[in-house]
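Peer 1: pasting a predicted model and its sequence here:
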Amino acid sequence: MIMEDTVVGQLSWVDREQRERYGFSLCRVFDPGGADERYDLLGVIEVPFDQRHPERVADQLHPWAIATLRAGGYGFGHYLAELTGLDEDGEPWHHIRNAHINWSGTTVLVPAPD
């Protein structure tokens, strides 16, 4: 099927069979809860996702985030991990589940509610 891109005015192929993609993303949150709250995207990985059993991958979000923080040597701060849909460029565009993590640089400081 061919559709016109109204923004650019060009034609492009649209694959109706294109599967939705999902991933885990990890952001560092600056000034959490403040007027200047902002996010620095640290990374995204694509994960398999079965919509009939979303908990199978969603339950791995927090352990993945902790392992990523440890392996990456990330310092003290507040982090946000999300199970998210991915756009065509592999970037997060909507979240399904998230986990807030207060990180000491080596371990979780206080388990925050999801």
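Peer 2: Looks like it came in fine.

Peer 1: what's stretch 41-55 in contact with?
Peer 2: 20-28, 56-57, 60, 64, 68, 72, 74, 79, 83-84, 86, 90-92, 96 (C-beta atoms under 8 Å, 6 or more residues apart in numbering). For glycine as for every other residue, the C-beta is placed from the backbone atoms N, C-alpha and C.

Peer 1: quick check: Val110 is in a helix.
Peer 2: No - using DSSP: H, G, I helix; E, B strand; the rest coil, the assignment for Val110 is strand, not a helix.

Peer 1: list the beta-bridge partners for the closest residue to it other than its chain neighbours.
Peer 2: For Val110, ignoring the flanking residues on the chain, the nearest one in space by C-beta to C-beta, 6 or more residues apart in numbering is Asn102 at 5.2 Å. Beta-bridge partners of Asn102, counted by DSSP bridges, are His78.

Peer 1: sorry, back to before: in helices only, show me the contacts of stretch 41-55.
Peer 2: Arg56, Val57, Trp64, Thr68, Gly72 (DSSP state H).

Peer 1: spit out the contact partners of the first one.
Peer 2: Neighbouring residues of Arg56 by C-beta under 8 Å, 6+ apart: Asp50.

Peer 1: circling back to that earlier point, find me the pLDDT at the residue nearest to Val110, would you?
Peer 2: As summarised for this prediction, Asn102 has a pLDDT of 94.

Peer 1: and if you look at Gly77?
Peer 2: Value listed for Gly77 in the pLDDT field: 94.

Peer 1: same check, this time on Pro113
Peer 2: Pro113 is given a pLDDT of 66.

Peer 1: same thing with Trp64?
Peer 2: We have a pLDDT of 95 for Trp64.

Peer 1: and if you look at Ile2?
Peer 2: Per the predicted model, pLDDT is 41 at Ile2.

Peer 1: which elements pack onto the helix or strand hosting His94?
Peer 2: Per DSSP states H and E: His94 is located in strand 92-103. Secondary-structure packing of strand 92-103 (3 or more C-beta pairs under 8 Å, 6 or more residues apart in numbering; DSSP states H and E): strand 21-30, helix 61-72, strand 77-86, strand 108-111.

Peer 1: got the buried residues for the second one?
Peer 2: Neighbour counts over helix 61-72 (16 or more other C-beta atoms under 10 Å) mark Leu61, His62, Trp64, Ala65, Ile66, Thr68, Leu69 as buried.
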